[in-house]
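Asks: task: produce atomic coordinates for the following.
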Amino acid sequence: MRNAGKIITVAAVAAALTACSPPNEQPSDLPPGVDPTPSAQPSPTQNEQGGQQGEACTAEDIEVTPSSNAEGYEVTIPRDCAVPTELLTRELQPGTGPAAASGDQLDVDYTIVAWSDGQVKENSFGELGTMSVQLGDDQPQFEGWNEALQGARQGSQRLIVVPEDMGFAQDSDHPLAGETLVVVAEVVDIAQVP
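Replies: Down below sits the predicted model:
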């Protein structure tokens, strides 16, 4: 009889403890009052030009393929990293001959793509013809050309990411003002200054 009383007492205590415990509670090393469930991380937000905030994209993150009509390039801009804020370059194909330096005049074919929507905005291949860029000139089409084309050789193909402050920022009326640009440039000719 004593054993029956002990069993009933133990069962009653266990039932009371079960009733007082929250469902599915697991043992924890956390101090009382600390929520054991991790707070949900906010989802990445889109920045103004389409990329997600976080680590900046690199030139290697951008895919470049020749256009299907053989006039220019198709550019695929990643959307899982932030818009770069500094000038980036990547040699797609090396050229030959002496490297371009300040004062040299380069004839360049180019495709310009807007980072925000990934669309081609200008394409000189078979359309506009080459553009002349004099390295070191204070008034190139946009500031990024001077730095991005230094050291290029005739025949080289170069991917250039031009941050908005090095693009058409000085020309507020330009449709690409305030836009980060992705440029694929081919150096057709270099007239070197002696």
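Asks: for Ala152, give me its contacts.
Replies: Ala152 makes contact with 95, 99-100, 106, 158, 185, 187, 190 under the criterion C-beta atoms under 8 Å, 6 or more residues apart in numbering. (Each C-beta comes from the backbone N, C-alpha and C, glycine too.)
Asks: repeat the analysis, applying 7 Å as the threshold.
Replies: Ala152 sits next to 95, 99-100, 106, 158, 187 when contact means C-beta atoms under 7 Å, 6 or more residues apart in numbering.
Asks: now swap in Trp145 and tell me
Replies: Listed by C-beta under 7 Å, 6+ apart, the contact set of Trp145 reads Val133.
Asks: mind listing what's buried along the strand or helix carrying it?
Replies: Under the criterion of DSSP states H and E, Trp145 resides in helix 144-148. Neighbour counts over helix 144-148 (16 or more other C-beta atoms under 10 Å) mark 144-146, 148 as buried.
Asks: do the same with stretch 75-88
Replies: So, applying 16+ other C-beta under 10 Å, buried residues of stretch 75-88: 75, 77-78, 81-84, 87-88.
Asks: again with stretch 163-172
Replies: 163-164, 166-169.
Asks: which pair in the residues you listed spans the largest distance?
Replies: Farthest apart among these by C-beta to C-beta are Pro163 and Phe168. That separation is 11.4 Å.
Asks: for this protein, what helix or strand is lowest in average pLDDT?
Replies: Counting by mean pLDDT, DSSP states H and E, the weakest-scoring helix or strand in the chain turns out to be helix 2-20, with a mean of 49.
Asks: what's the following helix or strand after that helix?
Replies: Using DSSP H and E, the helix or strand that directly follows helix 2-20 along the chain is strand 63-66.
Asks: in the chain, where is pLDDT below threshold?
Replies: For the chain, the stretches flagged by pLDDT under 70 are 1-53, 70, 127, 138-141.
Asks: okay if I get the buried residues of helix 144-148 as JSON lines plus distance to Ser67?
Replies: Shown next, in JSON lines, are these (distance: C-beta to C-beta, whole Å):
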{"residue": "Gly144", "distance to Ser67": "22"}
{"residue": "Trp145", "distance to Ser67": "22"}
{"residue": "Asn146", "distance to Ser67": "27"}
{"residue": "Ala148", "distance to Ser67": "21"}
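Asks: and those, which is closest to Ala59?
Replies: Distance to Ala59 across these (C-beta to C-beta) is lowest for Ala148, with 10.7 Å.
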